[in-house]
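1. here are the coordinates; sequence isn't available:
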């Protein structure tokens, strides 16, 4: 009756339940479900749905594709499944498969598919996944790469960093995060979405990623009139501030929302600024450090050997 969750093989449930996959070693079960397993007492709770194999993208060249997953409920004999697009191809024991065909997805775009599991007492639960219809196999590979990208987002909203051979002293999380955010924003617009719209399947990653960039905005020491900002996370004395700031600026511009107000109270340096105002302060910072000496080998470029 609560919301406590258990997972793994280490639980005290009978071994035959594990072996028969009624208890799956990598799934999670609420305490009401486990209470039924132990006590045999009926309870009123909706089925629990999982997607084990999720198709990310399908080209128009294909006739069909399958997803599959599992559903758990003590009264499995009376559980029914339904899909709002495509159809449930098979449902046996705890396992289900879902089939796509071209009649359901006639055009290029992103589609949401919702599967509903309904118990015999009428209670139901749903799970939704997204499929992007693309022109060909190259489009499939691009979409799969994007899906990999969003799954690499860290718990603080950032992305991993540059390869170690590039800068062994730093993970460069701001730089890689700026590039990742630029990719997501461009993907949204190409597919007819606004990056922050709830209709865009990856909007939560966009919002979370920008919050990370906002958290790393800093004021340089030379800035007396408070018109310069750079974005960087210092790791092991790294000093690629211009690179990180340029990547963050690229992401802000890619959002296409110059008048959007930043709502991030944890960093008063940016909270309340518009995206355009934030971008301008980053431009001011980059302009300040651009090499203006025509006799210097880095003339017109940037160096990290400055005092901040």
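-> Alright, I've got the coordinates. This one's a predicted model, so the numbers in the text were calculated from it and none came from an experiment.

2. Tell me which residues touch residue 271, please.
-> 214, 262, 263, 264, 265 (C-beta atoms under 8 Å, 6 or more residues apart in numbering). For the C-beta atoms, the positions are set from N, CA and C on the backbone; glycine is no exception.

3. And for residue 79?
-> 47, 71, 73, 117, 118, 119, 120.

4. What count of nearby residues applies to the fifth one?
-> Other residues near residue 118 come to 18 when the count uses other C-beta atoms under 10 Å.

5. Quickly list what it is bridged to.
-> Counting by DSSP bridges, residue 118 is bridged to residue 80, residue 124.

6. still on that earlier bit, of the contacts of residue 271, which belong to helices?
-> residue 214 (DSSP state H).

7. okay if I get the contacts of residue 271 as TSV plus pLDDT, neighbour count and distance to residue 248?
-> Shown next, in TSV, are the contacts of residue 271 (pLDDT from 0 to 100; neighbours: other C-beta atoms under 10 Å; distance: C-beta to C-beta, whole Å):
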residue	pLDDT	neighbour count	distance to residue 248
214	97	22	9
262	97	21	12
263	97	10	17
264	97	18	13
265	97	9	19
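
8. Nearest to residue 294 among the contacts of residue 271?
-> residue 214 (36.7 Å; C-beta to C-beta).

9. From residue 187, how far off is the closest one?
-> 21 Å (C-beta to C-beta, to the nearest Å).

10. name the element the closest residue to residue 213 other than its chain neighbours belongs to?
-> Nearest non-adjacent residue to residue 213, counting by C-beta to C-beta, 6 or more residues apart in numbering: residue 248, 4.9 Å away. Residue 248 belongs to helix 241-254 when assigned by DSSP states H and E.

11. Please apply the same query to residue 91.
-> With DSSP H and E as the test, residue 91 turns up in strand 87-92.

12. Buried residues, that strand. List them.
-> By 16 or more other C-beta atoms under 10 Å, the buried positions in strand 87-92 come out as residue 91.

13. all strands for the chain, in order.
-> 5-7, 28-30, 48-53, 57-59, 64-72, 80-83, 87-92, 95-101, 109-118, 124-134, 217-218, 230-231 (DSSP state E).

14. And for the fourth one, what's in contact with it?
-> Outside of strand 57-59, the residues within contact range by C-beta under 8 Å, 6+ apart are 65, 100, 105, 131-137, 139-140, 142-144, 147.

15. make it 10 Å
-> Strand 57-59 is contacted by residues 64-65, 100, 102, 105, 108, 110-111, 130-147 when judged by C-beta atoms under 10 Å, 6 or more residues apart in numbering.

16. Lovely, talk soon.
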